[in-house]
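A.B. asks: Based on what follows, work out the 3D shape:
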Amino acid sequence: MTRRPRPKIVTLTDAAAGRVREIVAKGDKPYLRVGVVNGGCAGMEYTLDYAAEPAPFDELVEDQDVKILVAADAVLFLLGSQIDYETTRLASKFVFRNPNQTDACGCGESVTIVPAKAEA
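C.D. replies: A predicted model of the protein is given here:
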């Protein structure tokens, strides 16, 4: 039985990949871990943390010659997302374009995300 290819959990824009390269090069840990946690007025928040090594069940994502880790409990919430890095006159930040996101709070710090549904 042939298995269909697994979809990428997340992809990175050129700007995000470049910023991840800079962060990892300046830090003392080789990975950036992406996840979600419960919190904020809309229910969930995206997280980015340094990691020395993959945690059990982390997913390793390679895109644009960059390796990032996706926390195991965040996979279904992030499936199909694109991570970008934007700089404005007032801030620089990673931005998530997530097809599973259904709402966001007014300040943009927290979001409502539903898990991705399995395809038949």
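A.B. asks: where does this structure dip in pLDDT?
C.D. replies: Low-confidence segments of the chain (pLDDT under 70): 42, 105-115, 117-120.
A.B. asks: Spatially central residue for it, please.
C.D. replies: Val34 (4.4 Å; CA atoms, centre = their mean).
A.B. asks: Please enumerate the helices of the chain.
C.D. replies: For the chain, the helices defined by DSSP state H occupy 14-26, 75-78.
A.B. asks: could you pull out the strands for the chain?
C.D. replies: 10-12, 31-38, 44-51, 59-63, 66-70, 81-87, 92-97, 101-104, 111-113 (DSSP state E).
A.B. asks: Same list (those) but as a markdown table, adding distance to Arg19.
C.D. replies: Placement of C-beta: from N, CA and C, glycine included. Below are these laid out as a markdown table (distance: least, CB to CB, whole Å):
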| stretch | distance to Arg19 |
| --- | --- |
| strand 10-12 | 9 |
| strand 31-38 | 9 |
| strand 44-51 | 10 |
| strand 59-63 | 13 |
| strand 66-70 | 9 |
| strand 81-87 | 4 |
| strand 92-97 | 7 |
| strand 101-104 | 21 |
| strand 111-113 | 20 |
